[in-house]
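Novice: When you get a sec, could you give me coordinates for this:
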Amino acid sequence: MSPLTEQQLLQILPNARPVAGIFVPALNRAMARFKINSRLRTAAFLAQVGHESGQLRNLVENLNYSADALVRTWPTRFTALSSAAYARQPEKIANKVYADRMANGPESSGDGWRYRGRGLIQLTGRANYRAAADGLGLPLIDKPELLEQPEFACQSAAWWWSQNGLNELADAGKFEAITRKINGGLNGQADRVALYERALKVLA
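Specialist: Now for the predicted structure:
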């Protein structure tokens with residue numbers, strides 16, 4: 001399959017216009033490196049990372065939640081009473097919700113904020129950053145903010161995609177299974193499917 005062009009990217013992800021020129025070469029390098037090299041694989045990848053990143057515009061997780069949203073999003077971690085102390089404080093929220101999981105330390109360690117979701121696929125947690133650091137040869141434990149750069153945002157997403165067998169799921173047309181791998185459920189599935197169908201047409 002020939003490399004993705006800026007025109008194709010903008011037909012699939014029109015809201016990426018301000019950043020498309022930067023992302024096209026970075027996407028092409030990442031997709032080539034991790035064998036996202038067919039119409040089915042490319043369409044599924046662009047649809048999923050397009051959804052996850054707000055069409056390539058959000059490379060860092062937004063944790064600016066209201067008290068109500070905290071209780072709705074993490075009902076096991078917040079009550080109506082406790083959520084007020086965390087509302088609209090992204091760093092404090094990250095340190096609480098990601099504490100003591102994914103190889104992060106306790107809330108006081110700051111790991112939750114340090115290793116919050118970044119990149120096109122929102123890599124989260126010390127364990128995932130360490131695995132990506134090894135897989136990509138990048139110092140992500142010491143410099144997690146590297147994943148906010150388009151080049152490494154793309155590389156980390158393509159690496160994670162490949163590591164989790166998503167090329168094979170894309171080959172089999174199992175788009176819902178891909179969403180479940182990335183999201184843990186089917187949040188935003190209608191948007192993901194719409195992007196996928198558009199990508200299949202553009203890449204035909």
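Novice: SS state for the residue nearest to the spatial centre of the chain?
Specialist: Nearest to the mean C-alpha position of the chain, counting by Cα atoms, centre = their mean, stands Ile121 at 1.5 Å. Secondary structure state of Ile121, per DSSP: H, G, I helix; E, B strand; the rest coil, is coil.
Novice: what pLDDT does it get?
Specialist: Listed pLDDT for Ile121 reads 93.
Novice: Contacts for stretch 59-79 next, please.
Specialist: The contact list for stretch 59-79 (Cβ atoms under 8 Å, 6 or more residues apart in numbering) reads 53, 80, 83-84, 86-88, 90-91, 93-94, 96-97, 116-120, 122, 124, 147-148, 150, 153. Every C-beta, even on glycine, is put in place using the N, C-alpha and C of the backbone.
Novice: ok, back up a step: state the phi and psi torsions of the residue nearest to the centre of the chain.
Specialist: Note on Ile121: backbone dihedrals following degrees, to the nearest 10 are phi -120, psi 10.
Novice: which residues touch the closest residue in space to it that isn't next to it in sequence?
Specialist: Spatial nearest neighbour of Ile121, excluding adjacent residues (Cβ to Cβ, 6 or more residues apart in numbering): Ala157 at 4.0 Å. Neighbouring residues of Ala157 by Cβ under 8 Å, 6+ apart: 30, 45, 49, 52, 119-121, 123.
Novice: JSON lines for these, including distance to Tyr65?
Specialist: Below are these laid out as JSON lines (distance: Cβ to Cβ, whole Å):
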{"residue": "Ala30", "distance to Tyr65": "30"}
{"residue": "Phe45", "distance to Tyr65": "29"}
{"residue": "Val49", "distance to Tyr65": "23"}
{"residue": "Glu52", "distance to Tyr65": "18"}
{"residue": "Gly119", "distance to Tyr65": "21"}
{"residue": "Leu120", "distance to Tyr65": "22"}
{"residue": "Ile121", "distance to Tyr65": "21"}
{"residue": "Leu123", "distance to Tyr65": "20"}
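Novice: any idea which of the residues you listed is closest to Phe175?
Specialist: Phe45 (11.0 Å; Cβ to Cβ).
Novice: now the helix or strand harbouring Tyr196: mean pLDDT?
Specialist: Using DSSP states H and E, Tyr196 falls within helix 189-202. Averaging pLDDT along helix 189-202 yields 98.
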